[in-house]
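> have a look at this fold, sequence not included:
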Ligand SMILES: [Zn+2]
């Protein structure tokens, strides 16, 4: 299945869905009425970083060093509260071409079931909504077990990535952009880019909400 074409109306519906599903309590200060209040939002010092990698560039909006960013990522990945992260990624100011295809880094099925969503897909949806782009949510998958002894965690995760047979991505997008929540070593994004390149999709850009120095 080709990823959903997003539009501003889809973004609106998506935000409405988030509004219904998740309470509006500021992650930073507990203020009721917003997932991340304006005061806390201002406190998340943006440090847009452009990291040059051997397959392209990765742009990240915020340093993971900041406790509030850690709280936002924790809420996104562990507490089922993705809205603050979605609002922050919307403020990153990435230069997005209209019609861009966003490809979220996949998570293991077990985690997807437990979490109820792929956090990278939530961020990709937000970005797609900003540029009338779309999300190829089934392009990459996690396969096999992550229980491989003797390897670093990021290497195990990267080793379990695979491209979906029949690669469900249209070939007409002006740009293909990988999306992840946090970049640490960059191994996972590099593996995703390589898999897509082998599938005939040229990916030379990735965006993440945060970077871990
Ligand atoms: Zn607040």
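Good, I have the coordinates. Values in this document were obtained by computation on a predicted structure and should not be read as measured data.

> so where is this protein shaky, pLDDT-wise?
Along the chain, segments meeting pLDDT under 70 span 1-13, 15-16, 18-23, 144-159.

> and if we set it to 50?
Within the chain, the segments meeting pLDDT under 50 span 1-4, 6, 146.

> so what does the helix or strand residue 127 falls within touch, helix or strand wise?
Here residue 127, judged by DSSP states H and E, is contained in helix 119-131. The contact analysis (3 or more Cβ pairs under 8 Å, 6 or more residues apart in numbering; DSSP states H and E) places helix 119-131 against helix 8-21, helix 67-78, helix 83-90, strand 101-104, strand 134-135, strand 176-183. C-beta: built from backbone N, CA, C; applies to glycine.

> buried deepest among the ones you listed, which one?
Using mean count of other Cβ atoms under 10 Å, the stretch among the helices and strands packed on helix 119-131 with the largest mean neighbour count is strand 101-104, at a mean of 28.

> what lines up beside that strand in the sheet?
Using DSSP bridges, the strands paired with strand 101-104 are strand 134-135 (parallel), strand 176-183 (parallel).

> after the first one comes which helix or strand?
This points to strand 134-135. strand 140-142.

> pairing partners for that next one, with directions?
Within its sheet, strand 140-142 is paired with strand 161-163 (antiparallel), according to DSSP bridges.

> name the residues that touch the partner strand?
The contact list for strand 161-163 (Cβ atoms under 8 Å, 6 or more residues apart in numbering) reads 106, 139-143, 188, 191-192, 195-196, 198-199.
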